[in-house]
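*Asks:* Quick check, what structure comes out for this input:
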Amino acid sequence: MHTSTPSAAVPHQSLGEAAAPKLARLITCRTVSSREPGEVETAEFERFRSELTALFPRVHAGLSLEHIRGGLLFRWQGRRDEEPVVLMAHYDVVPVEDGSTWDHPPFGGVIAGGFIHGRGALDDKGSLAAIMEAVETLLAEGFVPERTVYLSFGDNEETAGDTAAEIARVLEERGIRPWLVLDEGGAVAGQAFPFVSRPVAVIGVSEKGILDVELSVNDPGGHASTPNRGGATARLARAVVRLDSRPFPASLHPVTVEMLGRLAAGASRFPALIFARAGGLALPLTRVFGALGGEPNAMTRTTAAVTMLQGSKATNVLATRASAVANVRIAPGESIESVLDRMRKIIRDPKVVLRVVEGTEPSPVSSTANAQFAALEEAIGEVFPDAIAAPYIMMGGTDSRRFSGICKAVYRFAPFRMDKASRASIHADNEKLAVRAFDEGIQFYRHLLQHLEAAS
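*Replies:* Model prediction:
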């Protein structure tokens, strides 16, 4: 009599493990955005959209889809139409400077060592794929959301393009005012805050405005062998130095005070006492943050960084025009006009002309005391029980700012664990997303969608 040996039980595959090859395939699409239309590989964007259709058939069969410019707007009919939810992401990515410095090809879509490697894994194809997989699996279970859900995916976020603005305009034209808008932004950050041992799920409740200002000086020029004092380059250099040496005034925004108060729960004893009393210690904390420089300093003020310089095109010719571009991140409470006024006062030279290249005002601050924020906190607590949920003001810009005109509850949170190295890889070499973190992201979106009724 032949007796067969029972085969070993096959371990249950997580949602992240099942969906990782899908994200990997999306990463292979070279959807690099550029302000120069000729540099955009339109075929790669088309391939991405085709791959999305093949990879998520239930979403494409069960949801309506509109192509708005290069963006995708899916609509998932809920039990009620009023005050829908908008989940956002973008599928364009930044360029790769040198692929040879990566551990794996940046557009190879390699899965190795428990990670999905490649440009866009974190910013922002990971979020897009997690949203799509959450909806795909919920559809397979016959789930119907309490509220109608829109999935808004942009194609030119990295170049501050207008696709998201057009999608928001279309929704506004139809009288649609979302109950909640959620885009990329903060993450479940480890090693992010000094003296805080627990990971912090930072939720962006606002984002700084972004302003590019050209500073220029015109001059008669001439031969470099007979220079005059105070030429175009000298005046421009003085203006740049003055901007650098006189930073914008600092203050501790109420959102930052609340963030610090929440961090007290995960801090060691003495820092916890300081964080818990941040409101009454605003002045000394502002000074400490300013002295630390970098991100802590940027949390307290509007920042201006000169990023581009141009003068004469020949070594022996005095510049007839010298110019620089300052990239300004405008803190809530200030405006483009107030920034320009202060810059003129700092520079103190009427021959230095300021010209706005492009700019957006700071986003309105969304509440942390509403049902929408509570829904995010609840989903974070369910999927990331060890994390502290805390609001913050984003330094960078996202497509979600385009929706602030039609929604008062706009938040920015990518539901992935990111340590210091992971955060540093965004827009840099060796961008990758842990498969386990990808699984948690899918679970987050599933939980959020499944509990919209309780959050109503």
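
*Asks:* Just give me the neighbour total for Asn228.
*Replies:* 11 (other C-beta atoms under 10 Å). In short, each C-beta sits where N, CA and C put it, glycine included.

*Asks:* Equivalent analysis for Asp429, please.
*Replies:* Residues lying near Asp429 (other C-beta under 10 Å) number 16.

*Asks:* Doesn't it belong to a helix?
*Replies:* No. Assignment of Asp429 by DSSP: H, G, I helix; E, B strand; the rest coil gives coil, placing it outside any helix.

*Asks:* Could you double-check that it lies in contact with Gly99?
*Replies:* No. The pair Asp429 and Gly99 does not pass the contact test of C-beta atoms under 8 Å, sitting 9.1 Å apart.

*Asks:* So what does the nearest residue to Gln191 once chain neighbours are set aside have for phi and psi?
*Replies:* What sits nearest to Gln191 in space, not counting adjacent residues and going by C-beta to C-beta, 6 or more residues apart in numbering, is Lys420, at 4.5 Å. Backbone dihedrals for Lys420, given as degrees, to the nearest 10, come out at phi -60, psi -40.

*Asks:* neighbours around Lys420, how many?
*Replies:* Quick note: Lys420 (other C-beta under 10 Å) scores 11 neighbours.

*Asks:* contacting residues around it?
*Replies:* Lys420 makes contacts with 190-192, as judged by C-beta atoms under 8 Å, 6 or more residues apart in numbering.

*Asks:* try Ile406
*Replies:* 168, 171-172, 176-178.

*Asks:* In space, what's closest to the spatially most central residue of the chain - neighbours in sequence excluded?
*Replies:* Compute the mean C-alpha point of the chain, and by C-alpha atoms, centre = their mean the closest residue is Gly185, 3.9 Å away. Spatial nearest neighbour of Gly185, excluding adjacent residues (C-beta to C-beta, 6+ apart): Arg412 at 2.3 Å.

*Asks:* Tell me who's in contact with that neighbour.
*Replies:* Arg412 makes contact with 182-186, 203-205, 207, 394, 398, 400, according to C-beta under 8 Å, 6+ apart.

*Asks:* returning to that earlier point: using CSV, lay out the contacts of Ile406 together with distance to Pro364.
*Replies:* What follows is the contacts of Ile406, written out as CSV (distance: C-beta to C-beta, whole Å):
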residue, distance to Pro364
Ala168, 14
Leu171, 17
Glu172, 16
Ile176, 18
Arg177, 14
Pro178, 14
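
*Asks:* which one among these gets closest to Val85?
*Replies:* Among those, Pro178 lies closest to Val85 (C-beta to C-beta), at 6.5 Å.

*Asks:* Do I have it right that the closest one meets Glu82?
*Replies:* No. Pro178 is beyond contact range of Glu82, at 10.3 Å (criterion: C-beta under 8 Å).

*Asks:* So for these two, which sits in the more crowded spot?
*Replies:* Taking neighbours as other C-beta under 10 Å, Pro178 and Glu82 compare with Pro178 leading, 24 against 10.

*Asks:* and the more buried one, what does it touch?
*Replies:* Going by C-beta under 8 Å, 6+ apart, Pro178 touches 83-86, 150, 171, 403, 406-407, 409.

*Asks:* Just the pLDDT at the residue nearest to Gln191, thanks.
*Replies:* Looking at Lys420, its pLDDT is 90.

*Asks:* roughly how far apart are it and Glu36?
*Replies:* Taking C-beta to C-beta, to the nearest Å as the measure, Lys420 falls 33 Å from Glu36.

*Asks:* do the same with Asn297
*Replies:* If you go by C-beta to C-beta, the gap between Asn297 and Glu36 works out to 33 Å.

*Asks:* tally of neighbours for the closest residue to Ala187 other than its chain neighbours?
*Replies:* Leaving aside its chain neighbours, Ala187 sits nearest to Met418 (4.4 Å; criterion: C-beta to C-beta, 6+ apart). Met418: 23 surrounding residues under other C-beta under 10 Å.

*Asks:* didn't Met418 look like it was pressed against Gln191?
*Replies:* No. Contact between Met418 and Gln191 fails when scored by C-beta under 8 Å: they sit 9.4 Å apart.

*Asks:* residues near Arg344, how many?
*Replies:* 13.

*Asks:* Can you list the buried residues in the helix or strand hosting it?
*Replies:* Here Arg344, judged by DSSP states H and E, is contained in helix 336-347. For helix 336-347, the neighbour count (16 or more other C-beta atoms under 10 Å) marks 336, 339-340, 342-343, 346-347 as buried.

*Asks:* so what does that helix touch, helix or strand wise?
*Replies:* strand 209-218, helix 232-245, strand 321-330, strand 353-360 (3 or more C-beta pairs under 8 Å, 6 or more residues apart in numbering; DSSP states H and E).

*Asks:* Turn these into JSON lines, columns for mean pLDDT, distance to Gly70 and mean neighbour count.
*Replies:* Shown next, in JSON lines, are the helices and strands packed on helix 336-347 (pLDDT from 0 to 100; distance: least, C-beta to C-beta, whole Å; neighbours: other C-beta atoms under 10 Å):
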{"stretch": "strand 209-218", "mean pLDDT": "97", "distance to Gly70": "21", "mean neighbour count": "20"}
{"stretch": "helix 232-245", "mean pLDDT": "97", "distance to Gly70": "36", "mean neighbour count": "18"}
{"stretch": "strand 321-330", "mean pLDDT": "97", "distance to Gly70": "25", "mean neighbour count": "21"}
{"stretch": "strand 353-360", "mean pLDDT": "96", "distance to Gly70": "19", "mean neighbour count": "14"}
